[in-house]
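Visitor: what's the 3D shape of this:
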Amino acid sequence: MDTFSTSENLSEMMKCLLVFALMIVIGCTPDKKGSSKADAVKEKEQYVILMGGQSNMVGSGQVADLDTVIIPDHITYFNRGMYPDFSQDSARFGPEVGLSQVLHQHFPDSNFMLVKYAIGGASLLDWAPDYDSTQAVITGNARFGAMYDSLWKYVGQATASVDETTEIVALLWMQGERDARIPEAGVDYYPRFKKFIERIREDANHPNLPIIFGMVNPDPARYAAVDTVQSAQRRIAAEMGYVRMVNTSDLEKWNDEVHYNSVGQLELGRRFGQALVEHWQASTRK
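Guide: Below you'll find the predicted structure:
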């Protein structure tokens, strides 16, 4: 498998793309002198990308399958991805590797912080901003607690660990298999996901925060509500602004037909990254 490639011939336009796009994303406007509120993006500013969801965000790619595992110096990775027993496994990786490849290729001079919080098996009931433990019992994981609140706790810890200015610029989301397995949870996936997106934008103080998520595609024979969840995801992508859905139907999986293998995880991360780059490119053209 490949690792990071250096883009030595990166054009000046692409080098400047992130600066212009993020100035749009964070709402920079000209002042009376014609300069921007963020005249030049600070060299040490950290652009924070949130990564949330369940097991396919935690990741089951095998580090042993990689030639090397490199997170470039300009990308800080804060990992709270856990399995259902609250353990972490340093021998596995998730979308962060492929994502970092794309960020490094396009924006080698910009500083990013990836903050991942996910637990395998978590449903939107566990992620609900208005968390209700009696509702969380439906999917059998009430022990996970209020994951939305925990996300912000870990974001605070991550951003406090650096001296640089930080800006949350996107949420990457891979979740829904648990809800697809339990029809009682899947039936309300649309309103719950919509509320989650609205609330995270509100709490991030970013009404147009880009949300990029992968479509779930577990085995329908074992996941009775998969069509319901997929329909909800398509509707979210069609109706909500600044939301993009990533195709996952052709990603390689392990034999369980649920979790992406090493090749699949690398490609999932790359697709997240490419969708984010395309979103920023589109923003600069508006």
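Visitor: If the spatially most central residue of the chain is in a bridge, with which residues?
Guide: Computing the C-alpha centroid of the chain and ranking residues by Cα atoms, centre = their mean puts residue 172 first, at 1.6 Å. Applying DSSP bridges to residue 172 gives these bridge partners: residue 51, residue 212.
Visitor: OK, contacts around it?
Guide: Residue 172 makes contact with 49, 50, 51, 52, 57, 95, 99, 212, 213, 272, 276, according to Cβ atoms under 8 Å, 6 or more residues apart in numbering. The C-beta positions use only the backbone N, C-alpha and C, and glycine is treated the same way.
Visitor: what's the answer for residue 59, then?
Guide: 81, 92, 93, 94, 95, 96, 265.
Visitor: and which of the residues you listed is nearest residue 193?
Guide: Sorting the contacts of residue 59 by distance to residue 193 puts residue 95 at the head of the list, at 18.7 Å, by Cβ to Cβ.
Visitor: quick one: residue 49 is in a strand?
Guide: Yes: the secondary structure assignment for residue 49 places it in a strand, going by DSSP: H, G, I helix; E, B strand; the rest coil.
Visitor: Can you give me the distance of it to residue 181?
Guide: Here the distance between residue 49 and residue 181 works out to 28 Å (Cβ to Cβ, to the nearest Å).
Visitor: Quick check: closest non-adjacent residue to residue 64.
Guide: Across the structure, with Cβ to Cβ, 6 or more residues apart in numbering as the measure, the residue nearest residue 64 apart from its sequence neighbours is residue 91 (6.9 Å).
Visitor: quick one, phi psi at that neighbour?
Guide: Geometry field for residue 91 lists phi and psi as phi -90, psi 0, criterion degrees, to the nearest 10.
Visitor: can you count the residues close to it?
Guide: 9 (other Cβ atoms under 10 Å).
Visitor: try residue 283
Guide: For residue 283, the number of neighbouring residues by other Cβ under 10 Å comes to 18.
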